[in-house]
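J.: okay, predicted coordinates and the sequence, questions at the end:
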Amino acid sequence: MKRKLTLKKNSGDKRRREESKMKGTLARHLQVQLGFPSSCSASSSTANPSSRFQNLLESVAEDSTFASDVVDGCLDDKDFILSQDFFCTPDYITPDNQNLLISFDCNKENVPCPKSPEKLNTIKSKRRRQDGFLVNTLSPTSYGSQEIVELAKDTFDTDEVKIDKTTVNGEQKTPNYVPQSAVALRCRVMPPPCIKNPYQKDASGMDIDPFGNQRAKCAGLFPAIVGGNSLSRYHTDFHEIEQIGVGNFSLVFKVLKRIDGCFYAIKHSTRQLHQDTERRKALMEVQALAALVVGYYSSWFENEQLYIQMELCDHSLSINKISRLSTEGEVLKVLHQIAKALQFVHKKGIAHLDVKPDNIYVKHGVYKLGDFGCATLLDKSLPVDEGDARYMPHEILNEKYDYLDKVDIFSLGASIYELIKGSPLQESGPQFLSLRDGKLPLLPGHSLQIQNLLKVMVDPDPVRRPSAKDLVENPIFDRFRKNMKT
Ligand SMILES: Nc1ncnc2c1ncn2[C@@H]1O[C@H](COP(=O)(O)OP(=O)(O)OP(=O)(O)O)[C@@H](O)[C@H]1O
Ligand SMILES: [Mg+2]
């Protein structure tokens, strides 16, 4: 954990500077969601550098690989949602809602996500604990789960949602004011069932659905509103199977999506993102991911944490989990595939800045670049938050950001070297320094060709390192392709 933190000595200052610049955007954004016409324009998109991620996203979305259900940012009156839950789980960051993002204004006061007073006063006295439900206490969202559990019993006792007892600041509210809340409450009480997907071989996770029969009863009562304004989108839409990863700032779970019966990975931030600037920063990962990489599905804020729903991969190449890459053919395969991913990323004007074995995932023998948490723009128009120091070249440690694409090349070279060697790179000391001087110890059993390629990838001069395109086109991969065919 400290690996990253030691490098980010200036990022606190940077963020504070940013925060003072980018204020009040959430309030503006909420206006847009509530349909105030003045906020419906997308004119601020050019003022905000991070909206350039959005432009990239849009260009890719036009290729129709994702963003299937685009929502218009300017809502009609009929779309107003006067529910407390609306403020708790805004779905405004899912890249489908692109117009909403574009309308962020960076020059207004910083406004934290409003807390609903209604939520605190609503049917709290009716809660009783129901035993026997499994709640993952390791999950930072278990607070939300408990709320579900506690409300569940009560609702089934009465079989009626008492929204007429809801008060705001002590005042009685008319029952028809929050019909959406009633809907949301019902969703919150019981998530919909997990639908078995007949095309998925391994669907055993469904057997441990903690809500059992009771959930089915509730879902049947409100079939049309499932997935609406529930307190926890995570628990409403997904069934958590197990934790599969821990990052510096996140937890990753294998989940089953109830409605399609497919498995996904969901990564969520462990830190709560109170300020709009913090949310915007976290969103850059989503926007880069959505613009670049297959396997990104959706994202949302919940309980002030960011959730990212992704394609579920088999595992990462974390050096702590795998011993080493066994054959040169496998080494070349990783190098080639990640170089291709970088070529794509760089062509879009983006640098990843955290290439390392931990962030290379494998699925069915295919290597994929993941974790875009440090991604930035090559033209330096966005802040640079460099990744793990063990894989960073000298120039970035010295805050020289002229060749950010070549930072990724260095990191990839260092990662492949580590994977061949089979032991973790050092964070400091002589080995750390000599790698940054471009000195690679001999790798017995590996061809000179690959050793020379790795050597030039970690050259201290970024200009001399090959581009991702050069790498992909290197003749070494012709040999590799031929070998793979035989
Ligand atoms: N889509 C996925 N499929 C399978 N496993 C995943 C997936 N995404 C993440 N993981 C696992 O979770 C771990 C942590 O995820 P990730 O690297 O995205 O988090 P992070 O907080 O950004 O971490 P760090 O800052 O340490 O790189 C990964 O190393 C991997 O083992
Ligand atoms: Mg990671």
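T.: Looks like it arrived, so ask away. Ligands and ions are numbered 1, 2, ... in the order given.

J.: from G429, how far off is the residue in the chain that ligand 2 sits nearest to?
T.: Nearest residue of the chain to ligand 2, counting by CB to the ion: D371, 3.7 Å away. C-betas here are computed from N, CA, C, even on glycine. For D371, the distance to G429 (CB to CB, to the nearest Å) stands at 26 Å.

J.: okay, the two: which has more neighbours?
T.: D371 (24 against 8; other CB atoms under 10 Å).

J.: specify the local secondary structure of that one.
T.: Secondary structure, DSSP: H, G, I helix; E, B strand; the rest coil: D371 is coil.

J.: the nearest residue to it once chain neighbours are set aside: neighbouring residues, count only.
T.: Among residues not flanking D371 along the chain, N359 sits closest, at 4.0 Å (CB to CB, 6 or more residues apart in numbering). The number of residues packed near N359 is 25, by other CB under 10 Å.

J.: can you name the residues that contact N359?
T.: The contact partners of N359, taken as CB atoms under 8 Å, 6 or more residues apart in numbering, are 316, 352, 369-371.

J.: 7 Å - rerun?
T.: 316, 369-371 (CB atoms under 7 Å, 6 or more residues apart in numbering).

J.: show me what counts as buried in the longest helix along the chain.
T.: Using DSSP state H, we find that the single longest helix of the chain is helix 328-347. With burial defined by 16 or more other CB atoms under 10 Å, the residues of helix 328-347 counted as buried are 328, 330-343, 345-346.

J.: next, give phi and psi for the closest residue to L377 other than its chain neighbours.
T.: Nearest non-adjacent residue to L377, counting by CB to CB, 6+ apart: G349, 5.7 Å away. Main-chain dihedrals, G349, degrees, to the nearest 10: phi 80, psi 20.

J.: contacts only, for G349.
T.: Applying CB under 7 Å, 6+ apart to G349 gives the contacts 377-379.

J.: tell me the pLDDT at it?
T.: pLDDT for G349: 91.

J.: cool, Q343 as well?
T.: 91.

J.: isn't it right up against A468?
T.: Yes - using CB atoms under 7 Å, Q343 makes contact with A468 at a distance of 3.9 Å.

J.: buried subset of the contacts of G349, written for PyMOL?
T.: In PyMOL, selecting the buried portion of these, with burial taken from 16+ other CB under 10 Å, looks like this:
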select buried, resi 377+378
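
J.: would you list the contacts of G349 in CSV and tack on distance to ligand 1?
T.: What follows is the contacts of G349, written out as CSV (distance: CB to the nearest ligand atom, whole Å):
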residue, distance to ligand 1
L377, 19
L378, 21
D379, 24
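
J.: looking at the contacts of G349, which is nearest G413?
T.: Of all those, G413 sits closest to L378, with 18.6 Å by CB to CB.

J.: how close does the closest one sit to P444?
T.: As for L378, its distance to P444 is 37 Å (criterion: CB to CB).

J.: repeat that for K368.
T.: According to CB to CB, K368 stands 30 Å off from P444.

J.: neighbour count winner among the two?
T.: Between K368 and P444, counted using other CB under 10 Å, the more crowded position is K368 (18 against 6).

J.: now stretch 244-261: mean pLDDT?
T.: Averaging pLDDT along stretch 244-261 gives 88.

J.: start to end distance for it?
T.: 19 Å (CA to CA, to the nearest Å).
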